[in-house]
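> Can you look at this prediction? I've put the sequence above it.
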Amino acid sequence: MSSRILILDYGSQWTQLIARRVREARVYSEIHPPTRSIEWVRDWQPTGIVLSGGPASVYGEDVPTADPALLAIAPVLGICYGMNLIAHLSGGAVVPSERREYGRAALQIDDPTGIFAGFARGERITVWMNHGDQVRTLPPHYRLMGESGNSPIAAIRHESKPIYGVQFHPEVAHTPRGADIIANFLFTVCRAEPAWTTGAFIEGHVADIARRVGEARVIAGLSGGVDSAVAAALVHRAVGDRLTCIFVDTGLLRHGEREQVERTFRRHLEIPLVTVDAEARFLDALEGVDDPEQKRRIIGHTFIDVFEEAAREVERAPGAPVEYLVQGTLYPDVIESVSPRGGPSVTIKTHHNVGGLKPGMRFALVEPLRELFKDEVRHVGRELGLPEEMVGRHPFPGPGLAIRVLGPVSRPVLQRLRHADAIYLDEIREAGLYADIWQAFCVFLPVRSVGVMGEFRTYDNVIALRAVTSTDGMTADWFPFPHDVLARIATRIINEVAGVNRVVYDVSSKPPATIEWE
C-alpha cells in the first residue's frame, strides 16, 4: 500500500492547507472528522496522523477529542489544538494563555531532531501563531523542542515514541519553513514514500472505474467547466465508447460555452456527445425565485430530470443499460460537507455536486475526482490530453449564471450579465492577466442607480466585478488590477451592455466573504 497521511479535522480554518502541503510533498492525504473510531483508523492503516488546529479548548465541555489509543497507531503530529490535545490526553496541563497570540512570532529551536531535523539548536525561526490556550506543564515522558516569548512550551515530542506537537501552524505561508517541518514529519518521522503523482492517480483510477462499471454503460454531464470535462475524460479512458456525454444547455452558461464543449468533445477527444437545449425549461422553473439555496435545488433537480430523459434516449441504442452517472465532485466539496463533529457542517452554501441532487436518483454515481483539489484536477486534465483552453479555464459553478444574478433570473438579465462577463474576460486576457487570476466573473446586482448618459438621466442596473487569487479556492484575496485595466473594463461594459450604467469592484477576501456572491 502507498504511503498516506490521515488528517483529523478539529475545525481549523487551515485544515485543508495541511492536506495540500502533504500532497505537494507527493504523499497522499485525506481529511476525516475526529469521530472516526479507533477500529476505523487502524483499518485505514495511516502512515502518519495529523491532528489539526481548532477553535475549541481541550479542557472545555462537549469538545472534540480523541481516544488516547490513537497515539499508538502511527506517528502523530499535533498542530495547535492538536498539540494541546496530545498534552491533555497524556497528562499535561493546558490552560488559557495570559495573552492570546495571533500572528507572527519568533520560535527558538531547542531540540533540532525529528520534525526539526536540519535546523540548528538555538535557531530562531518565524512562525504563525493562532491560539488562546497553551501547554502549562509537559506530560510525563515528553520533552521541550521549541519556545516563543508568549509560549514557553511551543513544540514538544515524546522521548521515545514518534509523537510531536507544535503550537504554531506550519501549514500556512506565514511560517516560512513550515514546508521543511511537514517534510521532516513525512519523511524523517513517518518514513513515507513520495509516490502520489498525477500519473499514478490516473492509472489507479482508470483500473478502479473499469472494475466497478464492468460492462455497463455510463453517462457524464458536461457543464463547460474544468471538473466535469476532466471527470468525463478520465472515465472515457476507462470505459471507452460505453461513455456517452450529455451536455445540457441550461441557458445559464457563459458566452461561447456550448460551442467550446461541442468542439472539444466531438472533434478533439472524439467522445460520444449528446446536446440538449433546455434553456426554456430551466428558466421556467426559476421564474420568480430569488433565494440562492432554492435556485441551487431547482437547478439540481431540473438537471437530473433532463438527464434522465436524455439517458432514456441513450438507453434505446443497442448495448447494456445505462447504470452510472459521472459527476465532477472535488475534494473541497466533500470536506466542506462534514463538520469536525462528524455530522453535517453549517451550510454556507449547498455544493451543487454534493447536496443539490434529487433523492432517489436511479443512477449510481461515479465521482473520479472526489479525492482531488482543483489544481490537481488541472494536472490530470493536461495529462489526459484536454486542450489548455478548457483545462486552464477559471472555475464555474454548477448552477451557472443563475447564482451570479442576485434576485430572480430572467432571459434579459442573463443576456446583460453574459455580455458583461464576456467583455470582462476578454479585457483580462487582452491585458495578459488571465493566468494570474484564480477566478473572475461579473455579478448582476438587484439594485438600480441614477446615471447620466448622453445628457440624459438614466436609472439602470449595476454590475459588480469579482476577481480573486487563490491556490485552491479555500482562501482567496481580491486581485489588484492595474487602474487602467479596471477603467477600460468598466467603460466597455457601460458603453456596450444595454441597461447598465454603473460598475463596481469587489475587494473582499475569503474569508470573511465567499468567492461567489451566492
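Received the coordinates, thanks.
> rest of the way, CA atoms for contacts and neighbours
OK.
> what residue ranges in the stretch 1-150 of the chain score low on pLDDT?
Counting by pLDDT under 70, the stretch 1-150 of the chain shows low-confidence ranges at 1.
> Pull the number of nearby residues for residue 58.
Applying other CA atoms under 10 Å, we find 23 other residues in the vicinity of residue 58.
> ok, and the closest non-adjacent residue to it?
Counting by CA to CA, 6 or more residues apart in numbering, residue 58 lies nearest to residue 85, which is 6.0 Å off, once chain neighbours are set aside.
> just residue 135 next, same as before
The shortest distance from residue 135 to any non-neighbouring residue, by CA to CA, 6+ apart, is to residue 94 (4.4 Å).
> so which helix or strand takes in that neighbour?
For residue 94, the host element (DSSP states H and E) is strand 93-109.
> who does that strand touch, helix- and strand-wise?
Using 3 or more CA pairs under 8 Å, 6 or more residues apart in numbering; DSSP states H and E as the contact definition, the elements that strand 93-109 packs against are helix 81-89, strand 124-137, strand 142-148.
> which of these sits most buried?
Using mean count of other CA atoms under 10 Å, the stretch among these with the greatest mean number of neighbours is helix 81-89 (a mean of 26).
> what angle do that one and strand 124-137 make?
What separates the directions of helix 81-89 and strand 124-137 is an angle of 30 degrees, with axes from the mean of the first three to the mean of the last three CA atoms, to 10 degrees.
> For helix 81-89, name the packing helices and strands.
In terms of contact count using 3+ CA pairs under 8 Å, 6+ apart, helix 81-89 is assigned the packing partners strand 48-51, strand 76-79, strand 93-109, strand 124-137, strand 163-166.
> can you put the ones you listed in a markdown table and add distance to residue 264?
Output for these, formatted as a markdown table (distance: least, CA to CA, whole Å):
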| stretch | distance to residue 264 |
| --- | --- |
| strand 48-51 | 41 |
| strand 76-79 | 45 |
| strand 93-109 | 47 |
| strand 124-137 | 45 |
| strand 163-166 | 49 |
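> residue contacts, the closest residue to residue 299 other than its chain neighbours?
Leaving aside its sequence neighbours, residue 299 sits nearest to residue 399 (CA to CA, 6+ apart; 6.2 Å). Shown here is residue 399, whose contacts under the criterion CA atoms under 8 Å, 6 or more residues apart in numbering are 252, 295, 296, 299, 300, 352.
> Please report the distance of the most centrally placed residue in the chain from residue 20.
Nearest to the geometric centre of the chain sits residue 332, at 3.4 Å (CA atoms, centre = their mean). Between residue 332 and residue 20 the computed distance is 11 Å (CA to CA, to the nearest Å).
> residues bridging contact with those two, i.e. touching both?
What both residue 332 and residue 20 touch, as defined by CA under 8 Å, 6+ apart, is the set residue 373.
> ok now do the spatially closest residue to residue 174 that is not a sequence neighbour, which residues does it touch?
Computed as CA to CA, 6+ apart, the closest residue to residue 174 that is not its neighbour in sequence is residue 128, at 5.7 Å. Under the criterion of CA under 8 Å, 6+ apart, the contact list for residue 128 reads 102, 103, 104, 105, 168, 169, 170, 172, 174, 175.
> ok, back up a step: who's in contact with the residue nearest to residue 58?
When contacts are counted by CA under 8 Å, 6+ apart, residue 85 touches 58, 65, 66, 78.
> What about the residues you listed, which are in strands?
The strands in this structure, assigned by DSSP state E, contain residue 78 from the contacts of residue 85.
> Can you tell me which of the contacts of residue 85 is closest to residue 25?
Taking CA to CA as the measure, residue 25 lies nearest residue 78 of these, at 18.5 Å.
> Thought residue 164 was touching that closest one, still the case?
Yes - with contacts counted by CA atoms under 8 Å, residue 78 reaches residue 164, the gap being 6.2 Å.
> Report how many residues lie close to residue 362.
The burial count assigned to residue 362 is 12, neighbours taken as other CA under 10 Å.
> The closest residue in space to it that isn't next to it in sequence: neighbour count?
Closest residue to residue 362 in three dimensions, ignoring its sequence neighbours and counting by CA to CA, 6+ apart: residue 323, at 7.9 Å. Other residues lying near residue 323 total 17 when counted by other CA under 10 Å.
> Confirm that residue 323 sits in a helix.
No - applying DSSP: H, G, I helix; E, B strand; the rest coil, one finds residue 323 to be strand, outside a helix.
> Can you classify residue 393 as helix, strand or coil?
coil.
> Spit out the contact partners of it.
Here residue 393 is in contact with 225, 226 (CA under 8 Å, 6+ apart).
> any idea how far residue 430 is from it?
15 Å.
> those helices in the stretch 301-450 of the chain, which residues are they?
Listed in chain order, the helices found in the stretch 301-450 of the chain under DSSP state H, counting those that start in this stretch are 331-335, 374-383, 388-391, 411-430.
> possible to save those as CSV with distance to residue 226 and mean pLDDT?
Shown next, in CSV, are the helices of the stretch 301-450 of the chain (distance: least, CA to CA, whole Å; pLDDT from 0 to 100):
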stretch, distance to residue 226, mean pLDDT
helix 331-335, 14, 76
helix 374-383, 7, 91
helix 388-391, 6, 86
helix 411-430, 17, 97
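> so which of the ones you listed gets nearest residue 133?
When the helices of the stretch 301-450 of the chain are ranked by proximity to residue 133 (CA to CA), helix 331-335 comes first, at 26.3 Å.
> Distance from the chain centre to the closest one, please.
Averaging C-alpha coordinates over helix 331-335 and over its chain gives two centres that are 6 Å apart (CA atoms, centre = their mean, to the nearest Å).
> Just the CA trace of it, in CSV.
What follows is helix 331-335 as a C-alpha-only set of coordinates in CSV (Å, rounded to 0.1, in the frame of the first residue of the first chain):
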residue,chain,number,x,y,z
TYR,A,331,-12.3,17.0,-2.5
PRO,A,332,-13.1,20.5,-1.1
ASP,A,333,-16.8,19.9,-1.8
VAL,A,334,-16.6,16.6,0.2
ILE,A,335,-14.7,18.1,3.1
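> Many thanks, I have nothing further to ask.
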